[in-house]
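Engineer: Fold the following, please.
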Amino acid sequence: MIQSISNQKGSALLVTLSILVLLSFLGIASVMTSNTDMDISGNEKRSTQAFYVAEAGVERTVNDYIATNFYDENVAPMVDLFSWLDNLLDSTIYDSVQLGNNCEYTVKITGISNPGPQEPFIDCRDIAVQSIGNYENSGENAVINATVRVGIAPSGVFDYSYFMNHFGWWAGFPSGDAVSNGNMRANGHFDVLSGYLTSNGNPAYNPFTGDMSSSGGVYAGGYVFPSNGSRYQGMAQFEENRHSYAGVDNSIWDPATIPMPNLNDPTDADADGNVQELNPYYEQLARGELGGDPGKVGIDTNGDGVLQESEVLFTGAWGDSTGENGNVVLKGSSSHPIIIDGPVVVTGDLVIKGTITGQGAFYVGRDTYIAGTVEYGNPPSERPTYNYGVETPAEYAERVNTWIDANSDKDLVSFQTREDVVLADYTKSSWKRYITDPGGWLTDYRNNGSEDVGTDAVFGNQESNSNPYGASEGERDGYWTVDLYNPTTGERTTSDLYIDGNDEVTVPSGWRVVPGSGEDIDGDGNYDGAYSYSDFELSGNWDPSDYLNCPTDPSENTFSKFADNKVGGIDGAIYTNHALAGCFYNNATINGSLVARNESMIVWGSKITMNHDERLTKWGSGGSDYSIYLSRVKGVVTVAWEQNR
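Structural biologist: Residues are numbered from 1 along each chain as shown. Next up, the predicted model:
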């Protein structure tokens with residue numbers, strides 16, 4: 001069979017053209033697919049970038065607007081925490097704010113609600129925030145809806161047997177003689193300079209989730225010294241139970257620095273012309289205006305264990321009405337104890353010693369004088385000690401909750417003090433020698449109470465383990481660094497105010513200090529210089545005209561006669577954002593919590609024991625709510641977050 005050669009060539013040409021056409025279609029399809037992939041990739045990029053832009057809007061709103069305003073007593077005073085929110089609903093906080101290359105965000109408040117008490121908040125509000133981010137005007141938007149909770153809660157400082165804002169320093173105790181059954185902490189560094197410290201802590205928990213955050217022991221916002229643990233005994237001898245933050249937060253729930261509550265009235269919330277006084281919020285609390293019955297205190301003169309109306313010294317607050325001197329003297333015995341029922345306010349000095357029973361709090365406007373041993377008449381049983389390495393944290397938590405339930409009606413008293421806490425007779429030469437005279441512990445530059453301590457509000461350099469006494473930013477520079485607020489224009493600025501030779505600063509006309517900002521550690525809006533002996537003296541004469549219930553018997557007609565040379569122990573929670581200073585007898589015991597900015601505690605002997613009252617810490621379902629007896633702090637937290645891209 002003879003075939004045509006030309007036909008064969010034509011067939012080959014047809015096949016070749018067909019393949020070329022197929023390849024062309026495949027190429028076009030490939031290009032189209034590639035372009036589609038590029039479009040998808042571009043869309044994903046724009047969507048992601050838009051999300052980041054929206055996220056920036058949320059973060060700015062939370063940090064620069066909501067938190068800044070809520071923490072400012074000029075805007076949200078303790079007596080009126082939430083009124084500033086009234087006009088925020090449906091308002092635009094930031095409108096088309098440019099960010100980077102033609103990106104922008106707009107943030108609105110879409111809702112405000114009252115969720116009721118939400119752990120750990122006693123009272124709070126939820127703010128619904130919507131942020132819309134746009135990437136390069138491309139029409140690619142991302143929407144974030146967040147819920148920000150603002151409220152008031154008990155401070156975390158009461159979770160510790162011993163808490164200092166500056167340095168936690170221990171020295172000179174023989175092996176086994178200084179014992180803490182409960183966690184210990186300093187916002188600055190914590191150091192055992194000599195001798196030994198036995199620290200038996202307990203697991204710490206996230207107050208929001210209830211999850212265990214750490215094993216317990218000794219904590220420092222800076223470093224725990226000595227770093228090799230050679231001077232620690234108990235569970236703190238193990239490295240995992242010495243927690244050094246080096247100035248860095250582990251998380252929002254586990255910060256290096258825990259804020260100290262401020263009890264002042266820096267913006268004159270009650271409009272009485274006096275800013276150097278207790279915040280009227282606590283007077284409202286004591287008078288029952290925030291819920292509950294008014295508190296009351298008196299002496300059980302007939303010994304029946306019940307506070308009769310005839311035995312009540314005052315109800316609610318003493319010193320808030322015309323003719324009341326504001327100062328109180330209380331002395332109890334085992335047969336005739338002091339009885340407290342709920343929170344009460346003493347606007348001036350509180351002088352106290354002896355036996356006390358009941359549950360309540362003294363909110364004190366000036367100094368608290370622990371003039372002798374203060375002990376419970378109906379104390380709780382011995383607190384459970386964590387058997388570290390033997391029992392699990394869950395097993396210990398169960399024992400603690402059982403203990404709290406069993407002791408929920410036992411005595412619990414706190415002393416929440418705006419100024420100083422003075423232990424024993426401050427007029428004695430031995431008291432002065434070790435505390436306020438030259439060479440005394442409160443005259444040391446590391447412990448003298450000056451507010452020129454840097455914008456971290458903690459003495460020393462948290463970040464340094466080689467030079468812990470070194471200055472942090474702005475520390476000991478001769479200027480008081482604070483934020484200023486102009487109530488007329490709403491403008492805010494950070495300013496360095498010169499500290500003159502009289503330890504005073506001048507605030508520019510028309511401006512106010514934002515309380516608690518920068519170096520204003522105690523949140524009173526006024527600069528505090530170094531402590532002096534006069535800070536610890538009584539504000540009035542030892543006389544019934546100046547002090548309610550002041551004794552007139554010749555054996556106690558002066559403070560020096562009334563007060564003991566040393567204190568044998570304290571049952572109760574002690575708080576001050578200034579100095580805790582005084583003398584203990586040998587083998588003293590503190591059952592509760594000691595919290596202060598600075599401390600100068602001298603033990604005349606070699607032994608002291610601190611037992612933390614676990615009722616002061618939230619342990620889940622166990623026990624009652626004791627937050628009414630503790631100083632409170634503001635808090636801001638984002639509790640919900642939803643994104644649409």
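
Engineer: And the strands in the stretch 501-645 of the chain, which stretches?
Structural biologist: 512-513, 567-576, 579-596, 598-604, 608-612, 632-644 (DSSP state E, counting those that start in this stretch).

Engineer: now do the stretch 51-200 of the chain
Structural biologist: According to DSSP E, counting those that start in this stretch, the strands that the stretch 51-200 of the chain contains are 92-99, 103-113, 123-134, 141-154, 162-164, 168-170, 178-181, 184-186, 190-192, 197-200.

Engineer: Give me the contacts around the fifth one.
Structural biologist: Residues external to strand 162-164 that are found in contact with it (Cβ atoms under 8 Å, 6 or more residues apart in numbering): 157, 168, 180, 182, 184-188, 258, 593-599, 610. For the C-beta atoms, the positions are set from N, CA and C on the backbone; glycine is no exception.

Engineer: Now a ChimeraX select for only the buried ones of the residues you listed.
Structural biologist: A single ChimeraX command selects the buried members of the contacts of strand 162-164 (16 or more other Cβ atoms under 10 Å):
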select :157,168,180,182,184,185,186,187,188,258,593,594,595,596,597,598,599,610
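
Engineer: all helices of the stretch 451-600 of the chain, in order?
Structural biologist: 559-562 (DSSP state H, counting those that start in this stretch).

Engineer: how about low-confidence regions in it?
Structural biologist: By pLDDT under 70, the stretch 451-600 of the chain has no low-scoring segment.

Engineer: before we move on, the earlier item: of all the strands of the stretch 501-645 of the chain, which one is nearest Leu538?
Structural biologist: Leu538 lies closest, by Cβ to Cβ, to one member of those: strand 579-596, at 14.3 Å.

Engineer: what are the pairing partners of that closest one, and which direction each?
Structural biologist: Here strand 579-596 is paired, per DSSP bridges, with strand 162-164 (parallel), strand 421-423 (parallel), strand 567-576 (parallel), strand 598-604 (parallel), strand 608-612 (parallel).

Engineer: before we move on, back to that, now the strands of the stretch 501-645 of the chain in a markdown table, with distance to Arg492?
Structural biologist: Supplementary listing: the strands of the stretch 501-645 of the chain in a markdown table, determined by distance: least, Cβ to Cβ, whole Å:
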| stretch | distance to Arg492 |
| --- | --- |
| strand 512-513 | 10 |
| strand 567-576 | 29 |
| strand 579-596 | 30 |
| strand 598-604 | 30 |
| strand 608-612 | 39 |
| strand 632-644 | 17 |
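
Engineer: Out of the ones you listed, which is closest to Ile338?
Structural biologist: Nearest of these (Cβ to Cβ): strand 567-576, 11.3 Å.

Engineer: so how far is the closest one off the chain centroid?
Structural biologist: With Cα atoms, centre = their mean, to the nearest Å as the basis, strand 567-576 stands 20 Å off its chain's centre.

Engineer: Send me that strand as PDB with only the CA atoms.
Structural biologist: Taking C-alpha atoms only, strand 567-576 is exported to PDB below (Å, rounded to 0.1, in the frame of the first residue of the first chain):
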ATOM      1  CA  VAL A 567       4.500  44.500 121.200                       C
ATOM      2  CA  GLY A 568       4.100  40.700 121.800                       C
ATOM      3  CA  GLY A 569       2.100  40.000 118.700                       C
ATOM      4  CA  ILE A 570      -0.700  41.200 116.400                       C
ATOM      5  CA  ASP A 571      -3.800  39.300 115.300                       C
ATOM      6  CA  GLY A 572      -5.100  41.000 112.200                       C
ATOM      7  CA  ALA A 573      -4.200  42.400 108.800                       C
ATOM      8  CA  ILE A 574      -2.100  45.500 108.900                       C
ATOM      9  CA  TYR A 575      -1.900  47.900 105.900                       C
ATOM     10  CA  THR A 576      -0.100  51.200 105.200                       C
END
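
Engineer: quick one: low-confidence ranges for the stretch 51-200 of the chain?
Structural biologist: 137-138.

Engineer: at 90 what do you get?
Structural biologist: Residues of the stretch 51-200 of the chain meeting the criterion pLDDT under 90: 72-74, 87, 99-102, 117-122, 135-141, 153-156.

Engineer: which residues touch Trp169?
Structural biologist: Per Cβ under 8 Å, 6+ apart, neighbours of Trp169: Phe190, Asp191, Leu193, Asn447.

Engineer: These, buried ones only, as a PyMOL selection?
Structural biologist: In PyMOL, a selection of the buried entries from those looks like this (16+ other Cβ under 10 Å):
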select buried, resi 190+191+447
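
Engineer: Just give me the closest of the contacts of Trp169 to Phe238.
Structural biologist: Phe190 (15.5 Å).

Engineer: What residues are bridge-paired with that closest one?
Structural biologist: Gly168, Val224.

Engineer: wouldn't it be in contact with His166 here?
Structural biologist: No: if you go by Cβ atoms under 8 Å, Phe190 and His166 don't touch, sitting 10.5 Å apart.

Engineer: OK, contacts around Ala142?
Structural biologist: Counted by Cβ under 8 Å, 6+ apart, Ala142 has contacts Ser47, Ala50, Phe51, Val53, Ala54, Ile132, Gly133, Tyr135, Gln643, Asn644, Arg645.

Engineer: follow-up on the earlier one: CSV please, covering the strands paired with strand 579-596 and showing distance to Val344.
Structural biologist: Supplementary listing: these in CSV, determined by distance: least, Cβ to Cβ, whole Å:
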stretch, distance to Val344
strand 162-164, 24
strand 421-423, 17
strand 567-576, 14
strand 598-604, 25
strand 608-612, 24
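
Engineer: what about those strands, which gets the closest to Pro438?
Structural biologist: Once Cβ to Cβ is applied to the strands paired with strand 579-596, the stretch that comes out nearest is strand 598-604, at 13.9 Å.

Engineer: Give me the residues contacting the closest one.
Structural biologist: With Cβ under 8 Å, 6+ apart, strand 598-604 has contacts from 164-166, 173, 423, 434-435, 440-442, 447-449, 531, 566, 578-586, 588.

Engineer: just stretch 452-462 next, same as before
Structural biologist: Residues contacting stretch 452-462 (Cβ under 8 Å, 6+ apart): 165-167, 187-189, 221-222, 245-247, 256-257, 446-447, 467-481, 499, 518-519, 521.

Engineer: who's in contact with Ala306?
Structural biologist: Not Ala; residue 306 is Val. Asp300, Ile339.

Engineer: Helix, strand, or coil at it?
Structural biologist: Assigned by DSSP: H, G, I helix; E, B strand; the rest coil, the conformation of Val306 is coil.

Engineer: Relative to Thr357, how far out is it?
Structural biologist: Distance, Val306 to Thr357, by Cβ to Cβ, to the nearest Å: 10 Å.

Engineer: Overlap in contacts, the two.
Structural biologist: Asp300, Ile339.

Engineer: Show the contacting residues for the residue nearest in space to the middle of the chain.
Structural biologist: Centroid check for the chain by Cα atoms, centre = their mean gives Pro259 as the closest residue, at 3.1 Å. Counting by Cβ under 8 Å, 6+ apart, Pro259 touches Ser155, Val633.

Engineer: what helix or strand does it sit in?
Structural biologist: Using DSSP states H and E, Pro259 is not contained in any helix or strand.

Engineer: Pairing partners for Val218 in the sheet, please.
Structural biologist: For Val218, the beta-bridge partners are Met184, Arg242 (DSSP bridges).

Engineer: thought it was touching Glu240?
Structural biologist: No: contact criterion Cβ under 8 Å: Val218 and Glu240 do not qualify, at 11.3 Å.

Engineer: and Asn183, how many neighbours?
Structural biologist: Neighbours of Asn183 under the rule other Cβ atoms under 10 Å: 29.

Engineer: Backbone dihedrals for it, both of them.
Structural biologist: phi -70, psi 150 (degrees, to the nearest 10).

Engineer: now it, nearest residue through space, not along the chain?
Structural biologist: Of all residues not flanking Asn183 in the chain, Gly201 sits nearest, at 4.0 Å (Cβ to Cβ, 6 or more residues apart in numbering).
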